[in-house]
Every structure is written in C-alpha cells, then in structure tokens.
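Visitor: Structure of the sequence below:
(4 chains)
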Protein chains: 2
Amino acid sequence: MNIADHIYSTDSANQDRAQAIRDNLRDAIVDRRLAPGTKLSEGEVGTLFDVSRTVARAALQMLSFEGLVRTERNRGAFVANPSPEEARQVFASRRLIEPGIAVAACGRVTAADIAAFRAQLDEEGRFIAERGPTARRSEIKASGDFHLLLASVAGNGILQRFMEELVARSSLVIALYGRSGVSACGHSEHTKIVGALESSDCERASQLMLHHIDHIEADLDLRVRAGPALREALNF
Amino acid sequence: MNIADHIYSTDSANQDRAQAIRDNLRDAIVDRRLAPGTKLSEGEVGTLFDVSRTVARAALQMLSFEGLVRTERNRGAFVANPSPEEARQVFASRRLIEPGIAVAACGRVTAADIAAFRAQLDEEGRFIAERGPTARRSEIKASGDFHLLLASVAGNGILQRFMEELVARSSLVIALYGRSGVSACGHSEHTKIVGALESSDCERASQLMLHHIDHIEADLDLRVRAGPALREALNF
DNA sequence: CCGGAAAAGATTGCATACGATTTTTGTGCA
DNA sequence: TGCACAAAAATCGTATGCAATCTTTTCCGG
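Guide: So this is what the prediction gives:
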C-alpha cells in the first residue's frame, strides 16, 4: 500500500493522461531533479512521455495553476523560481491554514490514521539516517508527505488541495533557500504533533504546528541575493 | 476605473484568450446566469466565443481547477452543483483563511484602499435598494467582490487566488442553498469590518470577519434534500 | 402500445498541421 | 575581431481531423 494512495485518493483516480504526466513532473520538481528555471518545452515533454503536445500542454497548464511552473507567452514553461517574497507568502499562507488543519485532523483522527502517521514518521527517520543527495531529496519529500497526510485526515478536500500546492511550493522554496538540515528538528516536531493528535489535545497540536512552520521558515535564508536576476536571465 | 482591475491586477493582464473566456464564464456562473448542472460543451463554448475547441477546452479546464466546473471523462463539463458537504468545506476553509486575511489587510491598508472599500460598499448598497432578480445577482457578486478586495489589500497573491476560488464557489453555494436576503445584514457587517480596518483594530476586524462568515453560512439550508439526485440525473 | 437492441448522431480525447513568434545561427561589413 | 542584420531552426498558439465513447433516435418483436 502506497502512501500516495492515501493522500491523493479522491483526485488522481479519475481523468486522463495529462494528470499522470503532471504528477510525474510535480514529483520531479519537488524532488529537485528538475532545477528551478529549467525549460519544459511542450514538445520535449510530449516525446518524453510519448504523448502529443496537446496532452503535454495540458499537464504544464495544470502545473502552472499550482504555481510550480511559470509560463510565458510564446516562450514556454519553466520550473518556477520563487522569489523570497513568494517564499514568504507561501509560509504566511501555511501559518493561516495548517494550524486549523491540525485542529480539524485532531477531531477526526482514527486509530488507522495514527498507524499511517507512525509509518510515515518511520520513513522520515530512515531517510534522515541515510547520507547522500538522494536521501536528502527523499527526506524533503517525506517531510512534505507528513503534512499532506495530515491534510487528508482533516477531511476537507478543498483545504487538502490548497495544502498540496503549498507543500509542493514549500519544497521548491526549501531547495532554493534552505540553509541546513531542517529535517532533523522537523522530524521530532512531526513526532510531537502526532503525539498531540493521539492524545486528542487539539490546541496543542495547533500550537505545535504553528511553531513547526515558524521553524521551517526560520531555517531559510531569504535575503535577496545579487545573483538571481543574472542567473534567471541566463536561464540557469 | 473598474473594481476588477484592482482585484485581478496581477493575473489577468498576461496570458491568452482562454483566460478571457474563463473570466467570462466564471462571471456567468457566479452571477447565476448559468445554472448549476448546465452542460458546457466544448463546441458550443467555442462557437459562442468564436474560438476553436482547443481554446474553449483550456478555459473549461481552468474552471474545473477552480471547482466551478465539474468534468466527466468522455462526457464533458458541467457547471458545478456543490453538495451540502462541499458547501460546508467551502465555509470551513473561509473560516480558516479570511480572519487571517483581515488581519493582514488591516496591517497594510492605505487611505486609497479605504476609499476603494467605501466605493465598494456604496455599490453594494445600491443593489440592495433595487428590486428584481438582476439586482439580486449583482448584489451577490458585489458582496463577493468585497471579500476579494480585502484579499487584494492583504497583499498575499497565493491567498488572494485561494479566496478567488472560495468566493466564487460560495456564490454558487449561496445561489443553491441560500434562504433569505442574507445581504442586508451582510452589508452592515462589511461596513463594520471596514470601520475596524480604518481604526487599525486588527483583532476586531478578524473577529467581525469570523462572525460574518458564520452568519452567511447560518443563512444556508444545508439539509440534504430528496431532490438533488433526481434533478442531477435529469441534467436539470 | 411498450421494451429493448441497433444504428445514427453528437461529443470528447488526442494527434497532427500550419501560421506566428521567438531564438539561434550564419554572414557581410566596419 | 566585433557587431549588425538576415536567414534558418525551434517553439508556441490555434485550428482541424479522426477514432473512441457516449447519447439519442429508430425500428422491430412481443
């Protein structure tokens, strides 16, 4: 049983091929296999996934709605390169939404959910123990999956979709502006949140979540650098 | 100067023809000129706006992302017919987000913004005074625009987009499940919120917003009816 | 007169084609 | 060598065509 089934249960089953390509690309972006600024040409995506440009284009359009891809008229689609300001907005949004999600989840969490959380925490722990860039990427992804799992438990499909977008964009931001191993402390905070859920201490879960988000953002270096404009101009 | 310019400034200027069609259709849905469940065939939309099915399809895809349109594989697109459960989720989401938006707006509001709010309130008042279904539609729309204006003042593009979706879906929900003239009291609450903003009383703005949302939802009749399934089956 | 199967029609999913725009390459001139 | 400008290539925006799927109509047996 895959954790993705649990999280995306409602929305990935239906619809068409474009959705599958979107998911694939989203994973690649979130995993940092596709660097910010990378050009995603319709033709290339199409041949890569063995579909026509029509379908590739639809997938790119979806990603552009999620803010993971920026499209410029007559120029194409690029992996988003969020500015520090955008990064702040992402976290400001999460500060508004996620404590509430924690409360909602707290009120609905079942024993099965707790088990799923435990499994998720174990996986996080495994990646943290490992070394190397691959483990690092998996670690960021697993950390995001924790938040998505929480959102799915909260039982609000709309908020869940918002969180999917915010978590994906956060991964981008962390990849771009992250300083240290945020995840070591992040993991312990996740564990604490699950503890609060288990003991039905909703208020505490909410507080822990708020602090957790603060900690993630505090680990970022959001000072504007001289470089980005140039690097951006060079499509790099 | 149009209020839409103020609200959608960042996002409507760029991009393509599909966006214009989307905006047009969205207005029609929010204004209730297109009833929930109405079929939006690609061909019809295309000929209506004098574009090919390709472009029409893109516009419908956007609306489906916003939750205003539901698409079924090989069957087409229909104006969304939100269930009571979805309606609750919409308002639960707004309860999480909008008080925070009110606080953010409170911290950034300028004299020019206040003037825009006043103009908006005046317009609301005008429609409330008028009689007839057209005025009623305009009234719902104007009421939504107030919330969008607030979101634009808050200065967070991500939250602003979330609110665009939530307000649009709320309009649908109110059209479907609304009981009375919610707007009479809604208008006075809007006025109070602007008052709080003007006196920089952020905490009060937040509280007023929360109660305002509660009041809107309280005016809905979200009991499940026997009818909907049948009406839906009849495409009516 | 009614019910159900088969054909006709309509609509979507997807691929491909073509003009328009952008980017790159190549060439002549200072 | 360096730069300006034009040709070529690549890429996008959009229309259209065809197969697959769904809907509606027709027709026939009961």
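
Visitor: in chain A, which ranges drop under the pLDDT threshold?
Guide: A:1-15, A:180-185, A:225-236 (pLDDT under 70).

Visitor: what's the burial count for the closest residue to DNA strand D within chain A?
Guide: Relative to DNA strand D, the nearest point of chain A is residue A:76 (3.0 Å; Cβ to the nearest atom of the strand). Yep, even glycine has a C-beta here, placed from its N, CA and C like the rest. By other Cβ atoms under 10 Å in any protein chain shown, 16 other residues sit near residue A:76.

Visitor: Tell me which residues touch residue A:51, please.
Guide: A:17, A:21 (Cβ atoms under 8 Å, 6 or more residues apart in numbering or on different chains).

Visitor: and it, how far is that from residue A:42?
Guide: According to Cβ to Cβ, to the nearest Å, residue A:51 and residue A:42 sit 10 Å apart.

Visitor: wait, isn't the residue of chain A closest to DNA strand D in contact with residue A:37?
Guide: No: look at residue A:76 against residue A:37 with Cβ atoms under 8 Å: they stay out of range, at 11.9 Å.

Visitor: shared neighbours of these two, which are they?
Guide: Common neighbours of residue A:76 and residue A:37 (Cβ under 8 Å, 6+ apart) do not exist.

Visitor: End to end on stretch A:120-140, go ahead and measure it.
Guide: 13 Å (Cα to Cα, to the nearest Å).

Visitor: Please apply the same query to stretch A:60-74.
Guide: Counting by Cα to Cα, the terminal residues of stretch A:60-74 are separated by 14 Å.

Visitor: Checking it against chain B, do any of its residues make contact.
Guide: Yes: judged by Cβ under 8 Å from any Cβ of the partner chain, stretch A:60-74 comes into contact with chain B through A:61-62, A:65, A:67, A:71, A:73.

Visitor: By neighbours, which of those residues wins?
Guide: residue A:62 (21 neighbours).

Visitor: give the contact list for it.
Guide: Contacts of residue A:62 (Cβ under 8 Å, 6+ apart): A:18-19, A:22, B:61, B:65.

Visitor: Please apply the same query to residue A:59.
Guide: A:18-19, A:21-22, A:25, A:45.

Visitor: repeat that with 7 Å
Guide: A:18, A:21-22, A:25, A:45 (Cβ atoms under 7 Å, 6 or more residues apart in numbering or on different chains).

Visitor: can I assume it sits in a strand?
Guide: No: Residue A:59 is assigned helix when assessed by DSSP: H, G, I helix; E, B strand; the rest coil, not a strand.

Visitor: I'd like the distance from it to residue A:163, if you could.
Guide: With Cβ to Cβ as the criterion, residue A:59 and residue A:163 are 21 Å apart.

Visitor: go on, residue A:154?
Guide: 9 Å.

Visitor: count of residues packed around residue A:217?
Guide: Neighbour number of residue A:217 under other Cβ under 10 Å is 21.

Visitor: repeat for residue A:199
Guide: The burial count for residue A:199: 11, using other Cβ under 10 Å.

Visitor: The residue of chain A closest to DNA strand D touches residue A:41, doesn't it?
Guide: Yes: between residue A:76 and residue A:41 there is a contact under Cβ atoms under 7 Å: 5.5 Å.

Visitor: near DNA strand C, which residues of chain A?
Guide: Contact residues (Cβ under 7 Å from any atom of the strand) of chain A with DNA strand C: A:16-18, A:51-55, A:74-75.

Visitor: change it to 10 Å
Guide: By the rule Cβ under 10 Å from any atom of the strand, the part of chain A lying against DNA strand C is A:14-20, A:39, A:42-43, A:46-47, A:49-58, A:72-76, A:234-235.

Visitor: Give me the buried entries from those residues.
Guide: A:18-19, A:42, A:46, A:49, A:51, A:55-58, A:76 (16 or more other Cβ atoms under 10 Å in any protein chain shown).

Visitor: what's the most distant pair in the residues you listed?
Guide: A:19 and A:76 (20.9 Å; Cβ to Cβ).

Visitor: which neighbours do residue A:154 and residue A:163 share?
Guide: Common neighbours of residue A:154 and residue A:163 (Cβ under 7 Å, 6+ apart) are residue A:101.

Visitor: which residues touch the nearest residue to residue A:202 once chain neighbours are set aside?
Guide: Nearest residue to residue A:202, sequence neighbours excluded (Cβ to Cβ, 6 or more residues apart in numbering or on different chains): residue A:106, at 3.9 Å. Under the criterion of Cβ under 7 Å, 6+ apart, the neighbours of residue A:106 are A:197, A:200, A:202, A:205.

Visitor: Quick check: the gap between the last one and residue A:154.
Guide: Going back to what we said before, that points to residue A:205. Distance from residue A:205 to residue A:154, by Cβ to Cβ: 11 Å.

Visitor: Tell me which of these two has more neighbours.
Guide: Using other Cβ under 10 Å, the more surrounded residue of residue A:205 and residue A:154 is residue A:205, with 28 against 24.

Visitor: Which secondary structure element is home to the residue located most distally from the centre of chain A?
Guide: Most distant from the centre of chain A: residue A:74, at 28.5 Å, with distances by Cα atoms, centre = their mean. For residue A:74, there is no host helix or strand (DSSP states H and E).

Visitor: What are the phi and psi values at it?
Guide: Here is the backbone geometry of residue A:74 (degrees, to the nearest 10): phi 60, psi 10.

Visitor: you'd agree residue A:170 is up against residue A:92?
Guide: No: applying Cβ under 7 Å as the test, residue A:170 and residue A:92 come out as separate, 11.7 Å apart.

Visitor: out of these two, which sits in the more crowded spot?
Guide: Applying other Cβ under 10 Å to residue A:170 and residue A:92 shows that residue A:170 carries more neighbours, namely 26 against 19.

Visitor: what residues does the helix or strand where that one lies touch?
Guide: According to DSSP H and E, residue A:170 maps onto helix A:157-177. For helix A:157-177, contacts defined as Cβ under 7 Å, 6+ apart pick out A:10, A:26, A:29-30, A:32, A:36, A:66-68, A:80, A:82, A:87, A:90, A:93-94, A:97, A:101, A:140, A:144, A:147-148, A:151-152, A:182, A:220-222, B:89-90, B:93, B:162.

Visitor: And the buried ones among those, selectable in ChimeraX?
Guide: With 16+ other Cβ under 10 Å as the criterion, this ChimeraX line picks the buried residues out of these:
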select /A:26,29,30,32,36,66,67,68,80,82,87,90,93,94,97,101,140,144,147,148,151,152,182,220 /B:89,90,93,162
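
Visitor: What parts of chain A come near chain B?
Guide: A:14-16, A:58, A:61, A:65, A:73, A:89-90, A:92-93, A:96-97, A:100, A:156-159, A:162 (Cβ under 7 Å from any Cβ of the partner chain).

Visitor: Which parts of chain A are helices?
Guide: Listed in chain order, the helices of chain A (DSSP state H) span A:3-7, A:9-12, A:17-30, A:42-49, A:53-65, A:84-108, A:111-129, A:133-154, A:157-177, A:182-198, A:202-218, A:227-233.
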